[in-house]
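Asks: Give me coordinates for this.
(one chain, ligands or ions: 2)
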Amino acid sequence: MRRFLLYAAALVAVLVAAGYWALLQPAVEMWVFRHAAARIVERPAPVLAQKDELSVLLCGTGSPLPDRQRAGPCALVAAGGRLFIVDAGIGSVRNLMQWHVPFENVAGVLITHFHSDHIPELGELRLQTWVAGRRTHLSVYGPPGIGQVVAGFEQAYALDTQYRTEHHGAAFLPPAAAPMDAHAVPIPAGATTAVVLDQNGLKITAIRVHHAPATPAYGYRFDYKGRSVVISGDTTPDEDLARAAKGADVLVHEGLQPQMVAALGAALKTAGKDRAAKIMHDIPGYHSSPVGAARIANEAGAKLLVFTHLLPPLPDWIARRLFLEGVAAVRPKGVEIGHDGLLIRLPAHSDAIEQTTLRG
Ligand SMILES: [Zn+2]
Ligand SMILES: [Zn+2]
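Replies: Ligands and ions are numbered 1, 2, ... in the order given. Below is the predicted model:
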């Protein structure tokens, strides 16, 4: 019996060694790679919205603080087949690529304000939509000042455009299609909103919010086939936003938990990191606490409040519970903490709010 076990163990060892040796052969490795690659590229583009649906996909729910689980601020709104991207935070374009979002259907980009965490991947959006087959200029809407930001990215990406056209050919990557066009959307003094676009049943409205000294800063409302999504942008709790978000199905609102940020600031100070501690001290003044955002959602009568631009990062369930401390007392239902990949679909002429998560 003992001899049999020894033989069996020796045989298993030989088979494992042989398997390992086989796996290390380039031909076998290439076979494994080919199968893995085929599995990845065969994945179809996700259905973001049916013909009559409005939907919102969170492509970045983080903030300027580093967070491996969350890209910088980004929301994609789909109205039927038309896609609009609100803000382009760090990592957001990579998220969209991993989810196989059809970049060729991006009809426009909207920027809420020009803080660095909201604009860094504008150049990547320009590039990836062009590579995906965009044949007209990419429209980029935003507060006055958008022209300066877009001109900067145009200049920074000019050499890249030239290289890629030379390398792949102008028939494949026509340089005339590459640029972005800036569309400044002024909101007149005394008004709090302005129409960005009203086309084929889709209306996009810019809403002035309060985020001084980043002025003007906007939120955006999307109305399509009786459904509506509002993106707050960065703001303090804002009555004008509540009015403009009246009856919205989904309000995607920023949130900064002041006690948690204060605790982070105190820890940084104790560690002698005074510069970072000062920033933690300064930022609550121009953001919204979760309780403040919940009040605005209630005033608006929004059906679902989804938090984004989360400060501080929320790595686990304890942090997420702390973030929502006090919110249930103000708004017992219809509150969620957003995450990258959350897709909320709103079928036309219905009250349904359907949620799924896209994964890379
Ligand atoms: Zn900001
Ligand atoms: Zn921000």
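Asks: other SSEs contacting the strand or helix carrying Q128?
Replies: Using DSSP states H and E, Q128 sits within helix 122-131. Helix 122-131 sits against helix 92-98, strand 106-110, strand 138-142, helix 146-168, with contacts defined as 3 or more Cβ pairs under 8 Å, 6 or more residues apart in numbering; DSSP states H and E. C-beta here means a position set from N, CA and C on the backbone, and glycine is covered the same way.
Asks: Let's have those in a markdown table, adding distance to ligand 2 and mean pLDDT.
Replies: Below are the helices and strands packed on helix 122-131 laid out as a markdown table (distance: least, Cβ to the ion, whole Å; pLDDT from 0 to 100):
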| stretch | distance to ligand 2 | mean pLDDT |
| --- | --- | --- |
| helix 92-98 | 12 | 96 |
| strand 106-110 | 15 | 97 |
| strand 138-142 | 14 | 98 |
| helix 146-168 | 15 | 98 |
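Asks: could the ones you listed go into CSV alongside distance to ligand 1?
Replies: Shown next, in CSV, are those (distance: least, Cβ to the ion, whole Å):
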stretch, distance to ligand 1
helix 92-98, 15
strand 106-110, 15
strand 138-142, 13
helix 146-168, 14
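Asks: Turn the ones you listed into CSV, including distance to A38.
Replies: Converted to CSV, the helices and strands packed on helix 122-131 look like this (distance: least, Cβ to Cβ, whole Å):
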stretch, distance to A38
helix 92-98, 17
strand 106-110, 27
strand 138-142, 31
helix 146-168, 23
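Asks: In TSV: the ones you listed, plus distance to F222 and mean neighbour count.
Replies: Output for the helices and strands packed on helix 122-131, formatted as TSV (distance: least, Cβ to Cβ, whole Å; neighbours: other Cβ atoms under 10 Å):
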stretch	distance to F222	mean neighbour count
helix 92-98	18	22
strand 106-110	10	22
strand 138-142	12	23
helix 146-168	18	15
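Asks: Can you show me the CA trace of the lowest-mean-pLDDT helix or strand in the chain as CSV?
Replies: Least confident helix or strand, the chain: helix 2-23 with a mean of 86, by mean pLDDT, DSSP states H and E. Only the C-alpha atoms of helix 2-23 are listed here, as CSV (Å, rounded to 0.1, in the frame of the first residue of the first chain):
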residue,chain,number,x,y,z
ARG,A,2,2.8,2.4,1.0
ARG,A,3,4.6,1.6,-2.3
PHE,A,4,1.4,2.3,-4.3
LEU,A,5,1.0,5.7,-2.6
LEU,A,6,4.6,6.5,-3.4
TYR,A,7,4.1,5.6,-7.0
ALA,A,8,0.9,7.6,-7.2
ALA,A,9,2.6,10.7,-5.6
ALA,A,10,5.5,10.4,-8.0
LEU,A,11,3.1,10.1,-11.0
VAL,A,12,1.2,13.2,-9.9
ALA,A,13,4.5,15.1,-9.4
VAL,A,14,5.6,14.1,-12.9
LEU,A,15,2.2,15.1,-14.4
VAL,A,16,2.3,18.5,-12.7
ALA,A,17,5.9,19.1,-13.8
ALA,A,18,5.0,18.1,-17.3
GLY,A,19,1.9,20.4,-17.3
TYR,A,20,3.9,23.3,-16.0
TRP,A,21,6.6,22.6,-18.6
ALA,A,22,4.0,22.5,-21.4
LEU,A,23,2.5,25.8,-20.1
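Asks: which residues touch that helix?
Replies: 28-29, 32 (Cβ atoms under 8 Å, 6 or more residues apart in numbering).
Asks: Any buried residues in the helix holding Q128, and which?
Replies: Residues 122-130 are the ones in helix 122-131 that count as buried (16 or more other Cβ atoms under 10 Å).
Asks: what residues does it touch?
Replies: Here helix 122-131 makes contact (Cβ under 8 Å, 6+ apart) with 85, 88, 93, 96-97, 103-104, 106, 109, 111, 138, 140, 149-150, 153, 156-157, 160-161, 164, 173, 177-180.
Asks: close to ligand 2, is stretch 269-285?
Replies: No - counting by Cβ under 5 Å from the ion, ligand 2 has no neighbours in stretch 269-285; the shortest distance is 9.2 Å.
Asks: And that stretch, end to end?
Replies: Stretch 269-285 has an end-to-end distance of 19 Å (Cα to Cα, to the nearest Å).
Asks: and that stretch, average pLDDT?
Replies: Per-residue pLDDT values over stretch 269-285 give a mean of 93.
Asks: Show me what residue of the stretch 251-360 of the chain gets nearest to ligand 2.
Replies: Closest to ligand 2 within the stretch 251-360 of the chain is H309: 5.6 Å, counting by Cβ to the ion.
Asks: burial count for that residue?
Replies: The local packing of H309 (other Cβ atoms under 10 Å) involves 31 other residues.
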